[in-house]
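Participant: Everything below, folded, please.
(one chain, ligands or ions: 1)
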Amino acid sequence: MPLPSEVDVAIIGAGAAGLGAARALENSRLSLLVVEARDRVGGRGHTIMPSPEINFDVGCGWLHSADKNSFVAVAEELNFEIDKNRPPWRERGFDAVFPPEQRREFMRAIDAFYERAEEAAKSGRDGPANACLEPGNRWNEMIDAISTYINGTELDRVSILDMDAYEDTGLNWRVRQGYGALMAAYGAPCPLALKTEVTLIDHSGTRVRIETSKGVLSASRVIVTVPTNLIADEAIRFHPALPAKVDAARALPLGLADKVTLALDKPEDLPVDGNLRGATMRTAMGAYHLRPFGQPCIEGFFGGRFARELEEAGEGALAEEAIDEIVAMLGSDYRRRLKPLAESRWAQDPFARGSYSHALPGHAGMRAVLAAPVDSRLFFAGEATSPNFFSTAHGAKDSGERAAREVMGALAIEH
Ligand SMILES: Cc1cc2nc3c(=O)[nH]c(=O)nc-3n(C[C@H](O)[C@H](O)[C@H](O)COP(=O)(O)OP(=O)(O)OC[C@H]3O[C@@H](n4cnc5c(N)ncnc54)[C@H](O)[C@@H]3O)c2cc1C
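Facilitator: Numbering: from 1, shown residues only. You can find the predicted model right below:
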């Protein structure tokens with residue numbers, strides 16, 4: 001489809017935020033276009049089927065804070081099955097490699113860490129979250145490993161105030177057919193220009209001029225939803241320049257989390273939805289979800305510097321590391337029972353350049369700076385702009401809806 005020459009509202013990016021904005025404006029009578037660099041919608045939400053019996057969410061998988069997650073109603077409306085079983089990571093440890101008594105001790109240590117962080121946040125002073133570790137605690141390396149999964153980075157790069165602002169209601173559900181598949185269905189009605197990469201947003205004239213790989217588009221209002229690393233790297237530029245936005249994006253970098261799925265022969269030997277993690281005193285270590293939804297596979301999860309090293313080692317390194325770790329925990333028999341199916345490499349992905357945002361110590365306030373509109377014509381959404389649900393898909397969707405309301409508010413003032 002050729003690019004139209006003008007629209008009322010252009011939305012840059014068809015991830016959860018862009019789709020949320022477009023769906024919120026669909027009955028507004030404004031002409032809309034969602035401009036997306038990839039050949040698909042969903043962005044960091046993407047479900048694939050690497051084998052006929054396995055659904056794999058390469059990006060987001062969990063409906064976090066499910067009782068406040070706006071994708072739950074979307075799933076219900078679109079008849080996507082929701083799995084409400086408790087997640088494996090706390091309650092369903094695989095006893096043989098992480099004995100229950102040790103696991104309880106670890107849970108006590110990590111809960112105490114979060115309590116100290118909450119206390120520290122009350123002072124209103126920011127700092128690196130690793131300052132809240134108890135010096136000498138034997139579980140510190142593992143608490144840091146959990147940070148690489150949750151924040152995509154180690155605690156020394158995480159702001160205490162930002163970490164404390166995240167709203168975790170403790171309920172985590174899943175979509176049986178995949179979170180990415182749900183996003184694709186949710187985005188189906190949106191007017192889209194796929195494979196159209198935006199390079200410049202020129203807001204010097206009366207209308208905003210958007211330069212893309214498929215030509216130029218003009219719009220009255222623009223909602224920008226691309227990941228922070230693209231704004232920070234100036235892969236998408238503004239004219240006149242917006243240094244405050246670039247600085248905010250640099251203070252909210254995307255950390256790294258990567259996933260791998262391995263086909264499992266004779267799956268019945270392992271528990272459905274079990275959690276496999278050794279009581280290792282290391283940060284550089286994967287976490288494993290055994291037989292998600294009963295599927296014949298094991299999903300591995302890596303974060304932070306370790307995930308970056310594995311990506312840099314090349315295609316297949318994640319699977320190789322996962323198999324080595326599982327064999328060390330469950331026995332050499334697993335070397336022939338596991339077969340690599342698919343793995344993510346989010347840092348190498350040119351339109352993501354990472355997994356999810358965290359605020360650097362001292363920069364918790366930057367989410368509001370990034371979210372603020374410019375001249376009532378440029379609006380900003382995306383997970384990194386969410387005040388309490390940043391780093392999540394529903395936080396991204398809600399931020400898109402917030403930007404859509406801002407656009408409507410700006411137009412109402414104008415007329
Ligand atoms: C491995 C992994 C696991 C995760 N797990 C969870 C989880 O369990 N639960 C959860 O809630 N969240 C999870 N997340 C985070 C969640 O996926 C994201 O926070 C959310 O999807 C971000 O949505 P967004 O719309 O802000 O950004 P994106 O989804 O990144 O959308 C931005 C869009 O902009 C496009 N774009 C970029 N540059 C350009 C350009 N120049 N021109 C045009 N288009 C452009 C991109 O292609 C993309 O489609 C996970 C993420 C990863 C990577």
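
Participant: Quick one: mean pLDDT over stretch 24-31.
Facilitator: Confidence for stretch 24-31, expressed as mean pLDDT, is 96.

Participant: Sorry, wrong one. I was asking about stretch 166-178.
Facilitator: 96.

Participant: Residue ranges in the stretch 51-200 of the chain under the pLDDT threshold?
Facilitator: Judged by pLDDT under 70, the stretch 51-200 of the chain has its weakly predicted residues at 90-93.

Participant: How about the residues of it by the ligand?
Facilitator: 59, 60, 61, 62, 64, 197, 198 (C-beta under 6 Å from any ligand atom). C-beta: built from backbone N, CA, C; applies to glycine.

Participant: Repeat that for the stretch 201-350 of the chain.
Facilitator: So far as C-beta under 6 Å from any ligand atom goes, the stretch 201-350 of the chain lies against the ligand at 225, 226, 227, 230, 236, 257, 259, 344, 346.

Participant: Make a markdown table out of these and add secondary structure, distance to residue 215 and neighbour count.
Facilitator: Output for those, formatted as a markdown table (DSSP: H, G, I helix; E, B strand; the rest coil; distance: C-beta to C-beta, whole Å; neighbours: other C-beta atoms under 10 Å):
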| residue | secondary structure | distance to residue 215 | neighbour count |
| --- | --- | --- | --- |
| 225 | coil | 21 | 30 |
| 226 | coil | 19 | 26 |
| 227 | coil | 24 | 30 |
| 230 | helix | 20 | 23 |
| 236 | coil | 16 | 19 |
| 257 | strand | 35 | 25 |
| 259 | strand | 36 | 23 |
| 344 | coil | 32 | 27 |
| 346 | coil | 29 | 23 |
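
Participant: Reformat those as CSV; add pLDDT and distance to residue 210.
Facilitator: Supplementary listing: those in CSV, determined by pLDDT from 0 to 100; distance: C-beta to C-beta, whole Å:
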residue, pLDDT, distance to residue 210
225, 99, 13
226, 98, 12
227, 98, 18
230, 98, 15
236, 98, 10
257, 98, 31
259, 98, 33
344, 98, 29
346, 98, 26
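
Participant: Which members of those are the farthest-apart pair?
Facilitator: 236 and 259 (26.4 Å; C-beta to C-beta).

Participant: ok, back up a step: most surrounded residue in the residues of the stretch 51-200 of the chain next to the ligand?
Facilitator: Of all those, the highest neighbour tally under other C-beta atoms under 10 Å goes to residue 60, namely 31 neighbours.

Participant: Where does it sit: helix, strand or coil?
Facilitator: What DSSP: H, G, I helix; E, B strand; the rest coil gives for residue 60 is coil.

Participant: quick one: contacts of stretch 320-337?
Facilitator: Contacts with stretch 320-337, where a contact means C-beta atoms under 8 Å, 6 or more residues apart in numbering, come from 96-97, 260, 262, 264-266, 276, 278, 285-286, 288, 298, 300, 302, 310, 338, 340.

Participant: Average the pLDDT values over the top strand by length along the chain and round to the nearest integer.
Facilitator: Longest strand of the chain, by residue count under DSSP state E: strand 215-224. Strand 215-224 shows a mean pLDDT of 98.

Participant: That one: partners in the sheet, and parallel or antiparallel?
Facilitator: strand 6-12 (parallel), strand 208-212 (antiparallel), strand 378-380 (parallel) (DSSP bridges).

Participant: Report the buried residues of that strand.
Facilitator: By 16 or more other C-beta atoms under 10 Å, the buried positions in strand 215-224 come out as 217, 218, 219, 220, 221, 222, 223, 224.

Participant: what's the closest of the residues you listed to the ligand?
Facilitator: Of all the buried residues of strand 215-224, residue 224 has the smallest distance to the ligand: 9.1 Å, by C-beta to the nearest ligand atom.

Participant: how far away is that closest one from residue 394?
Facilitator: Look at residue 224 and residue 394: by C-beta to C-beta, to the nearest Å, they are 20 Å apart.

Participant: cool, residue 183 as well?
Facilitator: From residue 183 to residue 394 the distance is 11 Å (C-beta to C-beta).

Participant: Next, show the common contact partners of these two.
Facilitator: 16, 71.

Participant: Between those two, which has more neighbouring residues?
Facilitator: Comparing residue 183 with residue 394 by other C-beta under 10 Å, the one with more neighbours is residue 183, at 31 against 24.

Participant: got the contact list for the more buried one?
Facilitator: 15, 16, 19, 41, 42, 45, 71, 393.

Participant: how about those residues, which pair is most distant?
Facilitator: Pairwise distances across the contacts of residue 183 peak at 14.1 Å for 41 and 71 (criterion: C-beta to C-beta).

Participant: May I have stretch 95-104 as CSV, with CA atoms only?
Facilitator: Once non-C-alpha atoms are left out, stretch 95-104 reads as follows in CSV (Å, rounded to 0.1, in the frame of the first residue of the first chain):
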residue,chain,number,x,y,z
ASP,A,95,13.5,-29.5,44.8
ALA,A,96,16.3,-31.8,43.6
VAL,A,97,18.5,-28.9,42.6
PHE,A,98,17.3,-26.2,45.0
PRO,A,99,16.3,-27.9,48.3
PRO,A,100,13.2,-26.3,49.9
GLU,A,101,15.0,-25.1,53.1
GLN,A,102,17.6,-23.2,51.0
ARG,A,103,14.9,-21.9,48.8
ARG,A,104,12.9,-20.5,51.7
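
Participant: That stretch: which residues count as buried?
Facilitator: 97, 98, 103.

Participant: Which members of those occur in helices, if any?
Facilitator: Under the assignment DSSP state H, the buried residues of stretch 95-104 contribute residue 103 to helices.

Participant: and which of the buried residues of stretch 95-104 is nearest to residue 143?
Facilitator: residue 103 (13.4 Å).
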